[in-house]
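S.K.: Sharing a sequence plus its predicted fold:
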Number of protein chains: 2
Amino acid sequence: MRLATLDDGTRDGALVVVSKTGDVYAHAREIAPTLQAALDAWDRDETALRELATRLDKGEAPCHPLAQARFKAPLPRAYEWIDGSAYINHILLVRKARGADLPQTLESDPLVYQGGSSVLLGPTDDIELPNPEWGLDFESELCVVLGDTPRGVQKADAARYVRLFMLANDLTFRNLIPSELQKGFGFFNSKPSTSFSPFAITADEFGTAFLDGRVHLRLRSTYNGQLVGDPEAGPEMHFSFFELVAHITKSRGFCAGTLLGSGTVSNRDQARGVSCLAERRMIETLESGKPKTPWMKAGDTIEIEMLDESGRSLFGRISQKVVAV
Amino acid sequence: MRLATLDDGTRDGALVVVSKTGDVYAHAREIAPTLQAALDAWDRDETALRELATRLDKGEAPCHPLAQARFKAPLPRAYEWIDGSAYINHILLVRKARGADLPQTLESDPLVYQGGSSVLLGPTDDIELPNPEWGLDFESELCVVLGDTPRGVQKADAARYVRLFMLANDLTFRNLIPSELQKGFGFFNSKPSTSFSPFAITADEFGTAFLDGRVHLRLRSTYNGQLVGDPEAGPEMHFSFFELVAHITKSRGFCAGTLLGSGTVSNRDQARGVSCLAERRMIETLESGKPKTPWMKAGDTIEIEMLDESGRSLFGRISQKVVAV
């Protein structure tokens, strides 16, 4: 099942179900007005939403063309956004890039940061750039939407709390990071609002590609019209989503609609490219002594997408433009 | 005006208006079902809520005794919880306690961390202690509730975005902090759910005590029945709430209902006591070489309250007990 949030002018948008083909959607307002409402009552609403999806795919539900719709983030505001950094290759490259030490517990203790979640960008919203000196970068990621999740979840039980999957563009102002992390309290100004894919999908949409808490498909990033990365999201995700859930629930619980990200998808094989500019700049520095690729600037575009084995765009496409403000 | 959220069994509770005397409340459901709904439409709802408060104080609105009510946090789940650390004396003491360096920009660049906000504790909810070795501590704070707040707010304009004030108990597992901060991504497991006062109040409730973005009253913390601190919240708040708003809006905006905390209230004058155990333990260490006060344990109680100049409890009382789980 694929869900999305139509931009109807309200804060939280309107919940719709998207067809398997991706060309039409059906209003789900009689089941739940918003995705948050559906997540709040998932045990009740999931079956009805799946029935609507089935009717839509059979051509038995009133439907509307997707091409004319404008989507918000599936959750335009969320009660929590937690981002992991589960791809070790990404950590190695970006820490090297800023001359930062590696955590001693790199491979045993997941890195996560608490992100802001009161304003989340839709898949085609502009990326505002107040100051090009801040070093704007995209970061292409997967994330999960959790249901109500108690404290103390074990990895083996984590699957039951994962409701939906989305793609995220975890935008970052790279040049604001060093002074911010030096203060010891984590990211804040260095992380503007994050963007999300149009569709939030259930695990069954992956077929056999979702295994052991990892999505075994490639994540495609297209920067200014050029494919810059299509790394495999599965094998090198050192901590699976299930391990990330176990980590974050060590000392507290979370309410339905909590977002949990994978961190920037990254492969050791350089032929797979990059999911952010920081990695590319570090590779350039290792090769030639200094970075060649500049940070993002006004007019730049970034598209993020994941295709399944049949070539279908699972989440729809994040497609954003940078604008000076 | 004082607002509160009645625990009616729903996730978000029911909005009520509390009388000046603090002994009765009136349902506000005909104006807005929840505090979040009121904040979402504040321009429309504020006047109606204030009129209801006036009728309640005149004895002209249907009212219910407060003593029999159970309150949730004013926002039982919020879209964002950002906590500052605006009292320099607190930073000096706790960093000394864990042998951590002081940020070079201590007095020019505010410290804030992004907290979790999908599960917030009510004023009388138990504090769960999964492991006494984690070093549970309370932290008594003030916080503000923001309205819709754009990017780039200047200090001089910040007042217009501050809707309400609350007290917070920013619970912390002190012994989880060092390894977590060593990883460089800020607090996560070291911060369980935060607790909030029963009432969220408008600035006019302070009379003349709210000045330049600071609350000039004492914040009382009573630990196991003993008053352990009543520091002045005003003069030593190095960064005012207005400066904190300017800081957090540098690179993004926030939606209505975003919570912004002051950090642990702390005075240089030791006669004013402490608003957390970490400070007391550091003072003991300076005096006698080692801390005497243990961290919180099952059965401990903590009460946090602020009285106005007439002795009225402005926010109601946070009154929590620690329970082993």
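M.R.: Now that the structure is in, tell me what you want to look at. Keep in mind the model is a prediction, meaning the values are calculated, not measured. Numbering: from 1, shown residues only, chains lettered A, B, ... in the order given.
S.K.: C-alpha from now on. contacts and neighbour counts both.
M.R.: Fine.
S.K.: Run through who's touching stretch A:16-26.
M.R.: Outside stretch A:16-26, the residues within contact range by C-alpha atoms under 8 Å, 6 or more residues apart in numbering or on different chains are A:1-6, A:27-29, A:49, A:52-53, A:56-57, A:61-67, A:199.
S.K.: Now intersect those with the helices, please.
M.R.: Under the assignment DSSP state H, the contacts of stretch A:16-26 contribute A:49, A:52-53, A:56-57 to helices.
S.K.: How many neighbouring residues does residue A:99 have?
M.R.: 10 (other C-alpha atoms under 10 Å in any protein chain shown).
S.K.: on that earlier part again, let me know the closest of the ones in helices among the contacts of stretch A:16-26 to residue A:261.
M.R.: Comparing the ones in helices among the contacts of stretch A:16-26 against residue A:261 with C-alpha to C-alpha places residue A:49 closest, at 24.5 Å.
S.K.: Let me see the contact set for the closest one.
M.R.: Counted by C-alpha under 8 Å, 6+ apart, residue A:49 has contacts A:17, A:28, A:31.
S.K.: If we use 10 Å, what do you get?
M.R.: Contacts for residue A:49 (C-alpha atoms under 10 Å, 6 or more residues apart in numbering or on different chains) come out as A:1-3, A:16-17, A:28, A:30-32, A:38, A:42, A:55.
S.K.: Looking at the residues you listed, which two lie furthest apart in space?
M.R.: Spatially, the most separated pair among the contacts of residue A:49 is A:42 and A:55, at 19.3 Å (C-alpha to C-alpha).
S.K.: quick one: which of these two has more around it?
M.R.: Between residue A:42 and residue A:55, counted using other C-alpha under 10 Å, residue A:42 has the larger neighbour count: 19 against 15.
S.K.: measure the residue lying closest to that one once chain neighbours are set aside to chain B for me?
M.R.: Spatial nearest neighbour of residue A:42, excluding adjacent residues (C-alpha to C-alpha, 6 or more residues apart in numbering or on different chains): residue A:147 at 7.8 Å. Remark: distance between residue A:147 and chain B (C-alpha to the nearest C-alpha, to the nearest Å) = 11 Å.
S.K.: which non-adjacent residue is nearest residue A:53?
M.R.: residue A:17 (6.1 Å).
S.K.: In a strand, the one you found, correct?
M.R.: Yes - Residue A:17: assigned to a strand according to DSSP: H, G, I helix; E, B strand; the rest coil.
S.K.: Starting from residue B:200, give me the distance back to it.
M.R.: Counting by C-alpha to C-alpha, to the nearest Å, the separation of residue A:17 from residue B:200 is 38 Å.
S.K.: Quick one: residues contacting the residue nearest to residue A:42.
M.R.: Residue A:147 makes contact with A:39-43, A:160-164, A:254-259 under the criterion C-alpha under 10 Å, 6+ apart.
S.K.: sorry, back to before: are any of the contacts of residue A:49 buried, and if so which?
M.R.: Neighbour counting with 16 or more other C-alpha atoms under 10 Å in any protein chain shown marks A:1-3, A:16-17, A:28, A:31-32, A:38, A:42 as buried within these.
S.K.: Sort out which of the residues you listed are in strands and list them.
M.R.: Counting by DSSP state E, these place A:2-3, A:16-17 in strands.
S.K.: Next, format those residues as CSV and append pLDDT.
M.R.: Below are these laid out as CSV (pLDDT from 0 to 100):
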residue, pLDDT
A:2, 98
A:3, 98
A:16, 98
A:17, 98
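S.K.: of the residues you listed, closest to chain B?
M.R.: Among those, residue A:3 lies closest to chain B (C-alpha to the nearest C-alpha), at 21.2 Å.
S.K.: What's opposite the closest residue to the closest one other than its chain neighbours in the beta bridge?
M.R.: Using C-alpha to C-alpha, 6+ apart and skipping the chain neighbours, the partner closest in space to residue A:3 is residue A:17 (4.7 Å). Beta-bridge pairing of residue A:17 under DSSP bridges involves residue A:3, residue A:26.
S.K.: sorry, back to before: pipe the contacts of residue A:49 into a markdown table and attach distance to residue B:232 per row.
M.R.: Listed next are these as a markdown table, based on distance: C-alpha to C-alpha, whole Å:
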| residue | distance to residue B:232 |
| --- | --- |
| A:1 | 55 |
| A:2 | 53 |
| A:3 | 51 |
| A:16 | 52 |
| A:17 | 54 |
| A:28 | 53 |
| A:30 | 53 |
| A:31 | 51 |
| A:32 | 48 |
| A:38 | 45 |
| A:42 | 47 |
| A:55 | 63 |
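S.K.: from the residues you listed, which is closest to residue A:172?
M.R.: Relative to residue A:172, the closest of the contacts of residue A:49 is residue A:3; by C-alpha to C-alpha it sits at 26.9 Å.
S.K.: Pretty sure that closest one sits against residue A:199.
M.R.: Yes - at 5.5 Å, residue A:3 counts as touching residue A:199 under the criterion of C-alpha atoms under 10 Å.
S.K.: How much space separates residue A:237 from chain B?
M.R.: 18 Å.
S.K.: Just list whatever residues bridge to that residue.
M.R.: Beta-bridge partners for residue A:237, by DSSP bridges, are residue A:87.
S.K.: could you list every residue that touches it?
M.R.: A:85-89, A:213-216, A:262-267.
S.K.: out of the contacts of stretch A:16-26, which are buried?
M.R.: If we count by 16+ other C-alpha under 10 Å, the contacts of stretch A:16-26 have these buried: A:1-6, A:27-28, A:49, A:52-53, A:56-57, A:63, A:66, A:199.
S.K.: returning to what we had before: for the contacts of residue A:147, which two are the farthest from each other?
M.R.: A:43 and A:259 (18.6 Å).
S.K.: Which residue of the two possesses the greater neighbour count?
M.R.: Comparing residue A:43 with residue A:259 by other C-alpha under 10 Å, the one with more neighbours is residue A:259, at 25 against 11.
S.K.: State the phi and psi torsions of that one.
M.R.: For residue A:259, the backbone dihedrals (degrees, to the nearest 10) come out as phi -100, psi 140.
S.K.: That one reaches residue A:113, doesn't it?
M.R.: No - using C-alpha under 10 Å, residue A:259 makes no contact with residue A:113, being 11.8 Å away.
S.K.: Can you work out which residues contact both of these two?
M.R.: Residues touching both residue A:259 and residue A:113 (C-alpha under 10 Å, 6+ apart) are A:81-83.
S.K.: Tell me the residues on the stretch 201-325 of chain A that lie near chain B, please.
M.R.: Neighbours of chain B within the stretch 201-325 of chain A, by C-alpha under 10 Å from any C-alpha of the partner chain: A:247-258.
S.K.: can you give me the helices for chain A?
M.R.: Ranges of helices within chain A are A:35-40, A:42-57, A:88-97, A:177-182, A:241-248, A:277-288, based on DSSP H.
S.K.: Pick the most buried one from the ones you listed.
M.R.: Burial of those is given as mean neighbour count (mean count of other C-alpha atoms under 10 Å in any protein chain shown); helix A:241-248 ranks first at a mean of 23.
S.K.: Show the contacting residues for whichever residue of the stretch 101-250 of chain A sits closest to chain B.
M.R.: Relative to chain B, the nearest point of the stretch 101-250 of chain A is residue A:186 (3.9 Å; C-alpha to the nearest C-alpha). Shown in contact with residue A:186 (C-alpha under 10 Å, 6+ apart): A:113-115, A:177, A:180, B:111-114, B:181, B:183-188.
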